[in-house]
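Novice: predicted model and sequence below, questions to follow.
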Amino acid sequence: MAEYITTIGLEIHAQIRTASKMFDNCSADYAKSNPNTRVSVVSMGFPGSLPVTNRRAVELAAVTGLALNCGVNHHSVFARKSYPYPDLPKGYQITQYEEPLCSDGWIEIMDDNDNPKRIGIERLHIEEDTGRLLHAGDNSSLIDYNRSGVPLMEIVTRPDITSPEEAKRCFQKIRQILTWIDVNSGNMDEGALRCDANVSVRLRDQANFGAKVEIKNINSFRFVERALTYEIQRQIGALEAGDTIIQETRGWNETLNKTVSQRTKEFADDYRYFPEPDIPPLLFDDAWVEARRAELPELPDAHRARFESAYELSCQDADLLTGERAVADYYETAVEAVRAVGASAKEAANWILGELFRLINDDGVSSDQMAVRMPPQHIATVIDLVAKGTITRTVAKQVFEESYRNGIDPARIVADKGLTQISDTDALATLAREILASDNAAKAVAEYRKGKTSAIQFLIGQMMKAIGYDITRMDMVDKRYD
């Protein structure tokens, strides 16, 4: 088979977290509302209704552009994009076209060879979201207009992506930034974040790009990768068979695990863009842009680099701890707590990435609930108890989990359950002799003397019972001797 080059660009649609919609004061909190209860004359496009721009939505979009290393354009214009879809009540969408809010940015991801790679951001523009079509089993469709008019950003990458894996990483990175600066919920199940992927293939020695196919409304990282993988193979297979790839829009069918044709791809002229006559141009000076820049927190990449240098973490650990801002903030609070008891930041990272991540993943607890379930001071207490020899690390894991589940201070758990480690070797030796001489241990002792070394696990279990350790979860205890 001939060698082909893949070219991919993403269009990411992200709702902006504001209380009201983009062009009127109707509530934007639509997700859990009854259908068609978050609507207004503006969002429904009633004749004579006039849009009024949501100032905070514009500010947050500009903050996002700066976080994506874009420039904020000092002159920006809204436009009408005309297309007759039933989920668009006005028959056109208020968006931006020739003069977007932000342009010429970039993000950095790791390429398929694990090397840093910049993906260009062509533009970020503001628009209003559409309604939602709900398809019934009898081939009818219903429309819920609650989402209509919700503030939306469209982030368009340059065609710098060369594989489905890179596309997934790019989508993940943009989501990380959006949620980090709190401009978007990141909730793809509810449609707050969606992705369209443009993909084409061409022979390696072919200068011109192949025909571009757009895959619409992909709502998970896994589906981005799977949809693109399928579509690339479909296009290569068609070209190998001598067919022509047409520019079209396709949808990802997760049941069939394939893309399906939806319509021939429109061109810009088909949308009949023209300046929105009811909204004046947006004009910004340098002071306004700098005020938006001042709203930016330390971003994920800078956070990760600081964690590596200041806390002596590995790149992998720092990456895990900066995946979400809530986790990064929790870790920094935990570092302060463990340093107060003389422990290291690395020790705090080990307990968070190990025991705490295991527990919250098993329970399906969100990262912003970590501090409620396991206050950082409790991690410091567990570490301190181990460092002082009060408890062993094995017992510490049990104490950690009980503290997580019940919210009880680890020191109190140790005291109430008598889990303090016995360090008097003479006392331990006397206790061991008593256990070995007991009738209960006779069988294990006899088998051990015959060479069955595994029998000693039962004796260890008896010793742990005698000194008050909770062994109910100890796999090492051989129950056959009970």
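Specialist: Happy to help now that I have it.

Novice: pass me the low-pLDDT residue ranges in the chain, would you?
Specialist: Where the chain drops to pLDDT under 70, the residues are 1, 265-267, 422-428, 467-482.

Novice: domain-wise, how is it divided?
Specialist: Per automatic domain parsing, the structural domains of the chain span 4-293, 300-417, 425-481.

Novice: dump these into CSV; add mean neighbour count as well.
Specialist: Placement of C-beta: from N, CA and C, glycine included. Compiled in CSV, the domains of the chain are given as follows (neighbours: other CB atoms under 10 Å):
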stretch, mean neighbour count
domain 4-293, 17
domain 300-417, 18
domain 425-481, 14
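
Novice: so the closest residue to Val150 other than its chain neighbours versus Arg358, what's the distance?
Specialist: Closest residue in space to Val150, ignoring its immediate chain neighbours: Asp129 at 4.2 Å, by CB to CB, 6 or more residues apart in numbering. According to CB to CB, to the nearest Å, Asp129 stands 38 Å off from Arg358.

Novice: centre-most residue in the chain?
Specialist: Gln176 (5.7 Å; CA atoms, centre = their mean).

Novice: next, the contact list for it, please.
Specialist: Neighbour list for Gln176: 300, 323-324 [criterion: CB atoms under 8 Å, 6 or more residues apart in numbering].

Novice: let's see it at 6 Å
Specialist: Neighbouring residues of Gln176 by CB atoms under 6 Å, 6 or more residues apart in numbering: Pro300.

Novice: wait, the residue nearest to Val150 sits on Arg147?
Specialist: Yes - using CB atoms under 6 Å, Asp129 is in contact with Arg147, at 5.1 Å.

Novice: re the thing from before, now the residue nearest to Val150: phi and psi?
Specialist: Dihedral angles of Asp129 (phi, psi; degrees, to the nearest 10) stand at phi -80, psi 170.

Novice: can you check Asn187 too?
Specialist: Per-residue torsions, Asn187: phi -80, psi 100 (degrees, to the nearest 10).

Novice: how far away is it from Ile218?
Specialist: Distance from Asn187 to Ile218, counting by CB to CB: 15 Å.

Novice: go on, Phe307?
Specialist: Taking CB to CB as the measure, Phe307 falls 31 Å from Ile218.

Novice: now swap in Phe400 and tell me
Specialist: For Phe400 relative to Ile218 (CB to CB), the value is 39 Å.

Novice: what does Gln316 give?
Specialist: 28 Å.

Novice: element containing the spatially closest residue to Val445 that is not a sequence neighbour?
Specialist: Nearest residue to Val445, sequence neighbours excluded (CB to CB, 6+ apart): Leu436, at 6.0 Å. Assigned by DSSP states H and E, Leu436 belongs to helix 425-437.

Novice: ok, then the element right after that helix?
Specialist: Following helix 425-437 in sequence order, the next helix or strand is helix 442-449 (DSSP H and E).

Novice: and that next one, how far out from the chain middle?
Specialist: Mean-position distance between helix 442-449 and its chain equals 55 Å (CA atoms, centre = their mean, to the nearest Å).

Novice: residues making contact with it?
Specialist: 436, 455-456, 458-459, 481.

Novice: and those residues, which two are furthest apart?
Specialist: Across the contacts of helix 442-449, no pair lies farther apart than Leu436 and Tyr481, at 13.2 Å, counting by CB to CB.

Novice: next secondary structure after the longest helix seen in the chain?
Specialist: Counting residues, the longest helix in the chain under DSSP state H turns out to be helix 221-240. Next along the chain after helix 221-240, taking DSSP H and E as the criterion, comes strand 248-253.
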